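Q: What would the 3D arrangement of this be:
(chains A and B)
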Amino acid sequence: MEDNLKTRVNRLETVISLGIPDRVPSVPLIAQFALRYRGVPQSDGYRNPQTTNRALVETFDALGGWDGQLAANLIWVNSSWRISAAPMPMRVPGRQAGDHEPLQAVEMEIFTKDDYEAIIKRGWNGFLAEFLPRATGRPLEKIDATQKKLLKIYMDDVKTWHEKGVPVLSGATTCDPTMILSLSRTLSQFTLDLYRQPDMMQAVMDAMVDDLIQNVLDDTAVTGLKYVFFPLERGSGFFYPLRIFERFGFPYIKKMADAFAAAGLISILHFDTDWTLNLPYLKDLPRGKCICELDSRTDIFKAKEILKGHMCIMGDVPATLLSLGTEEEVVNYCNKLHEVVGKDGGFILSTGCECPIDAKFENVKAMLATARSHTYPGHDK
Amino acid sequence: MSELAVAIAELKEDEVNRLVREKIEAGVDPLALVDECREGMRLVGERHRTGDYFLGELIMSGEIFKNAMGLIEPLLKADRPVHPLARMVVGTAKGDIHNIGKDIVAMLLKAAGFEVYDAGIDVPPEVFVQKVRETESTILGISGLLTTSFESMKLTVQALEAAGLRDSVKVIVGGGIVNEMVQKYVGADAFADDAPEGIEICKSFAQG
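A: Model (predicted):
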């Protein structure tokens, strides 16, 4: 088992550091699909993260396995109440949503404009210490206790994966200020804030970023896992022109990714929506210390052209293809990924964002099989 | 091109408000003001198509347009209604609560001259059918960002057929992961993964 873990870790570390491994590694985002495949209601998975872990392990065996588990279960790590990502409301299966529906974020204003002033005055952590009890009606001590309990479960599930020979990649979760504020204010209100009061928005972001970095350093120190799951969506070239990205997006992404790299951490930049316009900027992030993870809306082939020799690319089998396509179509798409994006290494095969819960089993199985069969001849020469 | 239309296209919020107020005070026909505002929004759409504007500019222009219409609409006389390009229903498919794309499309459709009825999010097929029937709409736009929405889009099209409305209603599906494969699966007349593109398709539907 230890050899298996070592083999998989080596395979992943080789592609992340832009080397050529024995074969293409795969890291699907697959927890919700695993629950559905095993006939477990999504609600059970959210009530008990270890139920998800069991479903994941069984699905891993049924699909023939993969090389890295992005998260050990359905929990995204935040080691205390100092939540690094947006504290946005969710429509949780079994609570606000049906037992078999997927988890969905609710787009609603949870921050007011007054909260901006509070963030500028107190920083992100200082603001959250006041905001979370107000928003949830629970004292910080109770929120802290819940987070610690979830972290204990998470680490137990990490152990399960390691014993199975599979590395777990999320040792912390964070977002950049744009993502957090857009999710917390809603896209529309955040956009109006950006265009109407740009100086204030920059001051808010400046007041957040150091705490966001420190939270990740604290979290990874606790989990001992050196990967940072870093979802990015709301600042892409799909939403805003580059002049906005250059002021409100990239400086913060770079400051965070640089700090994580300096601490020996790898940033998994989880890019949802179309970031094709923004790709050239990623060459300014530390070489071999980030993963550019794409959801199928960014042009992954363009990403290879631009980031070859600088950043490992991960993705991007489209959700629609896994759900409605044929096995042959999935295999053809994956083979194209291996041949073009996987050329000379630096590539991890993955689902484009989360594998849909209604993906066809044979499609997911075929996708993962292409990675196992795509070897790099002479990789050790 | 009027000064007002240009100000909208340039996203000059304060200037738009000032111009609309001045024109109202000067007794300019409110219908002419509506046309000027729509011309500004048409320019915004054009700039999006050419890659000069992004979703952020669409949101900002939508807010400016909405505020301008808030000043103009009370002056529109009931006996001189603004004739819509077409009546249409929009909503997010059952099981899906994503509203951003749907809301932006609804805003752009209104600015383009459509009479839009927003059925909301997580909309069951029978509610879509009921809304189409009630409003005598000729276009139905269904949005979805989850693959699980495809099935309810398909059921909605089937429900339109069962209600005898399919021949008189064009169906367009939209969302970030919607493509031709989804359009075929659902049985829709068109798809769009981009809001302004969806508006152009709806205009072509309205023009027959």
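
Q: use CA for all of it now, contacts and neighbours both
A: Fine.

Q: Show me the strands in the chain, by range?
A: By default, I'm working from chain A. Per DSSP state E, chain A carries strands over the ranges A:90-91, A:104-105, A:172-173, A:227-232, A:266-271, A:290-294, A:312-317, A:347-351.

Q: My question was about chain B, not that one.
A: With DSSP E as the criterion, chain B has strands at B:87-92, B:115-118, B:139-143, B:170-174, B:190-192.

Q: I'd like these as a markdown table, with distance to chain A appended.
A: Shown next, in a markdown table, are those (distance: least, C-alpha to the nearest C-alpha, whole Å):
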| stretch | distance to chain A |
| --- | --- |
| strand B:87-92 | 13 |
| strand B:115-118 | 17 |
| strand B:139-143 | 14 |
| strand B:170-174 | 13 |
| strand B:190-192 | 14 |
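
Q: Give me the domain ranges for chain B.
A: B:3-75, B:87-206 (automatic domain parsing).

Q: hey, which of those is tucked in deepest?
A: Highest mean neighbour count of the domains of chain B: domain B:87-206, a mean of 21 (counted as mean count of other C-alpha atoms under 10 Å in any protein chain shown).

Q: near chain B, which residues of chain A show up?
A: Neighbours of chain B within chain A, by C-alpha under 8 Å from any C-alpha of the partner chain: A:101, A:104, A:106-107, A:187-188, A:191-192, A:195, A:237-241, A:273, A:297, A:318-320, A:323-324, A:356-358.

Q: Narrow those to those in helices?
A: Applying DSSP state H to these, the entries found in helices are A:187-188, A:191-192, A:195, A:319-320, A:323-324.

Q: Neighbour count and pLDDT for those - can I get that in TSV?
A: Formatted as TSV, these follow (neighbours: other C-alpha atoms under 10 Å in any protein chain shown; pLDDT from 0 to 100):
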residue	neighbour count	pLDDT
A:Leu187	22	94
A:Ser188	23	95
A:Thr191	25	97
A:Leu192	17	97
A:Tyr195	16	96
A:Ala319	24	96
A:Thr320	23	96
A:Ser323	21	97
A:Leu324	18	97
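
Q: residues making contact with the lengthiest helix in chain B?
A: Counting residues, the longest helix in chain B under DSSP H turns out to be helix B:30-49. For helix B:30-49, contacts defined as C-alpha atoms under 8 Å, 6 or more residues apart in numbering or on different chains pick out B:2, B:4-9, B:20, B:24, B:53-55, B:57-58, B:61, B:65, B:68-69, B:72-73, B:75-76, B:82, B:111-113, B:196.

Q: and it, how far from the chain's centre?
A: Its chain's C-alpha centre and that of helix B:30-49 lie 14 Å apart, by C-alpha atoms, centre = their mean, to the nearest Å.

Q: surely A:Ile75 meets A:Tyr154?
A: Yes: between A:Ile75 and A:Tyr154 there is a contact under C-alpha atoms under 8 Å: 6.9 Å.

Q: In chain B, which residue sits nearest chain A?
A: Using C-alpha to the nearest C-alpha, the single residue of chain B nearest to chain A is B:Leu55, 4.6 Å away.

Q: rewinding a little: format the domains of chain B as CSV; extra columns: mean pLDDT.
A: Output for the domains of chain B, formatted as CSV (pLDDT from 0 to 100):
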stretch, mean pLDDT
domain B:3-75, 95
domain B:87-206, 95
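
Q: Any chance of those domains in TSV with distance to A:Pro93 as columns?
A: What follows is the domains of chain B, written out as TSV (distance: least, C-alpha to C-alpha, whole Å):
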stretch	distance to A:Pro93
domain B:3-75	31
domain B:87-206	11
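
Q: Looking at those, which is nearest to A:Cys292?
A: Among those, the nearest to A:Cys292 by C-alpha to C-alpha is domain B:87-206 (19.5 Å).

Q: Counting neighbours, what do you get for residue 207?
A: Assuming you mean chain A. 21 (other C-alpha atoms under 10 Å in any protein chain shown).

Q: meant chain B actually
A: By the criterion of other C-alpha under 10 Å, B:Gln207 has 9 neighbours.

Q: just to revisit the earlier point, so can I have a markdown table of the strands of chain B showing distance to A:Asp144?
A: Converted to a markdown table, the strands of chain B look like this (distance: least, C-alpha to C-alpha, whole Å):
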| stretch | distance to A:Asp144 |
| --- | --- |
| strand B:87-92 | 36 |
| strand B:115-118 | 41 |
| strand B:139-143 | 38 |
| strand B:170-174 | 41 |
| strand B:190-192 | 44 |
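
Q: Could you list which residues are in contact with whichever residue of chain A sits closest to chain B?
A: Chain A approaches chain B most closely through A:Phe239 (4.6 Å), counting by C-alpha to the nearest C-alpha. Contact partners of A:Phe239, counting by C-alpha under 8 Å, 6+ apart, are B:54-56.

Q: Contact residues of chain B facing chain A?
A: B:52-57, B:59-60, B:95, B:97-100, B:146-148, B:176-178, B:181-182.

Q: Mind checking which of those are in helices?
A: Short answer: the residues of chain B next to chain A in helices (DSSP H) are B:55-57, B:59-60, B:100, B:181-182.

Q: Farthest-apart pair in the residues you listed, please.
A: Longest span within those, C-alpha to C-alpha: B:Met60 and B:Met181, 32.5 Å.

Q: partners of residue 173 in the sheet?
A: Unless you meant another one, I'm taking chain A. Counting by DSSP bridges, A:Thr173 is bridged to A:Phe229.

Q: Wait, chain B was what I had in mind.
A: Assigned bridge partners for B:Val173, using DSSP bridges, are B:Ile142, B:Phe191.

Q: so it makes contact with B:Ile142?
A: Yes: counting by C-alpha under 8 Å, B:Ile142 is a contact partner of B:Val173 at 4.8 Å.

Q: Return every residue with contacts to both of those two.
A: With C-alpha under 8 Å, 6+ apart, B:Val173 and B:Ile142 have common neighbours B:Met153.

Q: And B:Ser204, how far from B:Val90?
A: Per C-alpha to C-alpha, to the nearest Å, B:Ser204 is found 17 Å from B:Val90.

Q: now A:Gln42
A: 29 Å.

Q: Likewise for A:Val331?
A: Taking C-alpha to C-alpha, one finds A:Val331 at 36 Å from B:Val90.

Q: hmm, back to that, mind putting the ones in helices among the residues of chain B next to chain A into JSON lines with distance to A:Ile266?
A: Converted to JSON lines, these look like this (distance: C-alpha to C-alpha, whole Å):
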{"residue": "B:Leu55", "distance to A:Ile266": "31"}
{"residue": "B:Gly56", "distance to A:Ile266": "31"}
{"residue": "B:Glu57", "distance to A:Ile266": "34"}
{"residue": "B:Ile59", "distance to A:Ile266": "35"}
{"residue": "B:Met60", "distance to A:Ile266": "36"}
{"residue": "B:Ile100", "distance to A:Ile266": "32"}
{"residue": "B:Met181", "distance to A:Ile266": "36"}
{"residue": "B:Val182", "distance to A:Ile266": "36"}
